[in-house]
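# could you work out the structure for the sequence below:
(one chain, ligands or ions: 1)
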Amino acid sequence: MLTTVGLLGYGNVGAGVAKLIKTEGTLIADKLGWPLKLAKCLVRNPKATRNFPPDPGLLTTDPRDVVGNPDIQVVCELIGGLEPARTLVLEALEAGQHVVTANKALLATHGLEIFKKANEVNRDVLFEAAVAGAIPVIRTLKEALTANRIQSLYGILNGTTNHIITRMSKDALTFKEALTEAQAAGFAEADPTADVEGHDAAHKLVLLSALAYGILPKLEDIHIEGITKLEPIDFAFATEFGYVIKLLAIAGLHNGQGSLEVRLHPAMLPAGHLLAGVNGVMNAVTIRGHASGDIFLSGPGAGMMPTASSVLGDVIEVARHHLSLESSLRPPILGWLNLKSDAVRPISETLLGYYLRLTVQDRPGVLSAISGILGQHNISIAQVIQRGQTELPGWVNLVMLTHQALENDLQKALDAARELPAVSDIRLIRVEESL
Ligand SMILES: NC(=O)c1ccc[n+]([C@@H]2O[C@H](COP(=O)([O-])OP(=O)(O)OC[C@H]3O[C@@H](n4cnc5c(N)ncnc54)[C@H](OP(=O)(O)O)[C@@H]3O)[C@@H](O)[C@H]2O)c1
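Numbering: from 1, shown residues only. You can find the predicted model right below:
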């Protein structure tokens with residue numbers, strides 16, 4: 001068994017998909033139960049220099065090598081724009097191929113036509129990558145929260161504008177300064193209109209609303225307001241009042257049960273709100289289900305590999321749910337073929353930073369004795385603070401942050417430190433810098 005994949009487009013996202021299939025082929029095959037094969041990729045200019053060069057013979061300029069090619073089961077539309085994307089997607093469905101797309105503009109504009117065709121021909125159109133990059137918000141709405149009435153959903157759905165807003169808020173930049181900086185850093189397009197005027201986020205909001213409420217709102221029916229009119233003074237006032245400003249995408253039922261409200265505009269949120277801490281290019285969505293309560297999802301909302309990750313997730317869903325039904329081979333329960341009991345790495349082999357709080361006698365030589373023990377065990381100190389008396393007269397708190405160290409070394413060092421008469425207690429908290 002093999003699942004064959006064709007790409008329409010080998011740009012930013014397409015190359016990311018090709019890279020994941022190539023570099024993670026074994027991992028994917030282990031999880032899925034059989035391998036994926038990338039068969040053909042449609043481009044305009046096969047001679048263009050590419051960050052992740054394709055295998056020889058992979059690129060084509062003829063759409064027929066992908067769409068309607070009987071050797072390709074899943075077509076990933078990663079061209080962008082409305083045409084020829086729309087026509088190619090419809091033709092692929094008509095030819096019996098399943099479709100995965102990252103194209104929110106296409107689905108927000110022609111979604112009804114495309115989904116209708118897919119139902120007619122009993123094929124799937126999956127689009128996790130079209131909303132919030134790597135965040136599995138579509139799957140959460142479509143599967144995990146199926147039994148819920150969705151009372152509201154709201155979030156930050158555009159990384160470019162969130163980055164600009166973050167810079168305006170934290171460093172008092174004007175919109176223009178923050179945009180220019182974002183463009184120089186590659187976080188904003190040369191033509192940023194779709195992002196800063198809110199259209200990109202609105203396309204995504206349309207798709208989320210469709211999943212949550214079964215209604216594909218028309219773009220012209222939605223209040224869409226971008227961030228171009230925001231000024232630094234707004235952010236200063238927001239701070240003074242205990243708020244932050246975010247470009248929010250909001251959908252919900254009026255008073256929790258009436259008609260659907262869908263809007264996209266800058267909004268102030270309490271500084272303590274979960275979304276207030278979502279800064280830079282990150283995206284986040286909160287979904288309120290009547291049974292589930294609030295679900296908060298956050299992560300990278302765009303970029304080559306985060307978006308490719310979602311595209312591949314959809315390809316694997318098609319392979320698992322649909323293609324497997326067409327053969328006698330069933331996908332492995334739990335999704336993994338190679339569950340091994342010895343696969344878990346013992347904590348002694350982990351490399352982490354540590355917060356250490358030692359209760360020590362307040363006298364000369366104690367700090368050097370402890371740092372000497374740590375040094376002997378390959379542990380270097382990043383920061384150290386000695387703060388005030390403890391409840392024990394003559395004993396103080398010695399607080400240390402270490403650089404990354406092997407847990408095994410650290411535990412041996414702490415055992416040695418506990419032997420010192422000047423140490424009465426040691427508390428440890430692991431510092432997860434890389435999560
Ligand atoms: N980039 C992201 O972070 C991101 C995140 C989420 C969703 N998306 C969505 O993913 C899709 C692709 O985005 P991208 O950033 O990968 O775009 P991109 O870098 O511009 O790549 C587009 C690819 O499509 C090919 N192409 C375009 N028009 C074509 C045509 N008429 N015929 C044949 N090939 C054509 C291009 O060929 P050439 O290479 O020869 O020019 C290129 O390989 C878009 O719908 C976008 O909204 C992107």
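# helix/strand/coil for Ala319?
When classified by DSSP: H, G, I helix; E, B strand; the rest coil, Ala319 comes out as helix.
# that one touches Pro35, doesn't it?
No - taking contacts as CB atoms under 8 Å, Ala319 lies outside contact range of Pro35: 9.8 Å. Backbone N, C-alpha and C define where each C-beta goes, glycine included.
# more neighbours, those two?
Neighbour tally, Ala319 and Pro35, criterion other CB atoms under 10 Å: the higher count belongs to Ala319, 25 against 16.
# list the contacts for the closest residue to the more buried one other than its chain neighbours?
Nearest residue to Ala319, sequence neighbours excluded (CB to CB, 6 or more residues apart in numbering): Thr3, at 4.1 Å. Residues in contact with Thr3, defined by CB atoms under 8 Å, 6 or more residues apart in numbering, are 32, 34-37, 73-74, 315, 318-319, 323.
# and the residue of the stretch 201-350 of the chain closest to the ligand?
In the stretch 201-350 of the chain, the residue that lies nearest the ligand is Ala302 (3.5 Å; CB to the nearest ligand atom).
# quick one, phi/psi of that residue?
Reported as degrees, to the nearest 10, the phi and psi values for Ala302 are phi -160, psi -170.
# okay, now it: neighbour count?
Using other CB under 10 Å: Ala302 sits among 21 other residues.
# any idea what sits nearest Gln359, other than its immediate chain neighbours?
One correction, residue 359 is Thr, not Gln. Asp425 (4.1 Å).
# what is the closest residue to Ser259 other than its chain neighbours paired to in the beta sheet?
Spatial nearest neighbour of Ser259, chain neighbours left out: Leu253 (7.1 Å); criterion: CB to CB, 6+ apart. Judged by DSSP bridges, the bridge partners of Leu253 are Leu260.
# not counting its own residues, what contacts stretch 424-435?
352-361, 392, 395, 401, 404, 410, 414, 417-418.
# return the subset of these lying in strands.
Members of the contacts of stretch 424-435 lying in strands (criterion: DSSP state E): 352-361, 395, 401.
# measure Gly14 to the ligand for me?
5 Å (CB to the nearest ligand atom, to the nearest Å).
# tell me the buried residues in the host helix or strand of that residue?
Using DSSP states H and E, Gly14 sits within helix 12-23. Across helix 12-23, burial judged by 16 or more other CB atoms under 10 Å covers 12-21.
# let me have the residues you listed in a markdown table, extended by pLDDT.
What follows is the buried residues of helix 12-23, written out as a markdown table (pLDDT from 0 to 100):
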| residue | pLDDT |
| --- | --- |
| Asn12 | 95 |
| Val13 | 96 |
| Gly14 | 97 |
| Ala15 | 97 |
| Gly16 | 97 |
| Val17 | 98 |
| Ala18 | 98 |
| Lys19 | 98 |
| Leu20 | 98 |
| Ile21 | 98 |
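# ok and the residue in the chain nearest the ligand?
Gly11 (1.8 Å).
# which bits of this protein sit near the ligand?
9-14, 42-45, 48, 78-80, 84, 102-103, 129, 133, 302-303, 307 (CB under 6 Å from any ligand atom).
# again, only this time at 5 Å
Residues of the chain lying near the ligand by CB under 5 Å from any ligand atom: 9-13, 42-45, 78-80, 102-103, 302-303, 307.
# can I have the buried ones of those as a ChimeraX selection?
Those of these that count as buried under 16+ other CB under 10 Å are selected in ChimeraX with:
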select :9,10,11,12,13,42,43,78,79,80,102,103,302,303,307
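# put the alpha carbons of the helix or strand bottoming out on mean pLDDT in the chain into CSV.
Ranking every helix and strand in the chain by mean pLDDT, DSSP states H and E puts strand 381-389 at the bottom, with a mean of 83. Taking only C-alpha atoms (Å, rounded to 0.1, in the frame of the first residue of the first chain), the coordinates of strand 381-389 have been written out as CSV:
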residue,chain,number,x,y,z
ILE,A,381,25.6,28.6,36.9
ALA,A,382,23.8,31.2,34.8
GLN,A,383,22.6,33.4,37.7
VAL,A,384,22.8,33.5,41.4
ILE,A,385,20.9,35.5,44.0
GLN,A,386,21.2,35.5,47.8
ARG,A,387,18.1,36.8,49.4
GLY,A,388,17.3,37.6,53.1
GLN,A,389,16.8,35.5,56.1
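# give the contact list for Thr193.
His199.
# Val100 contacts Glu77, correct?
Yes - here Val100 reaches Glu77: they are 7.3 Å apart, a contact under CB under 8 Å.
# these two: which is more packed in?
Glu77 (31 against 28).
# got the residue ranges for the helices in the chain?
12-23, 25-32, 85-94, 104-120, 137-139, 159-171, 175-184, 193-196, 199-213, 232-240, 304-317, 366-376, 407-418 (DSSP state H).
# tell me the pLDDT at Lys340?
pLDDT, Lys340: 47.
# show me the shaky parts of this protein.
255-257, 324-346, 388, 433-435 (pLDDT under 70).
# cutoff 80 now
Counting by pLDDT under 80, the chain shows low-confidence ranges at 254-259, 322-347, 350, 386-391, 431-435.
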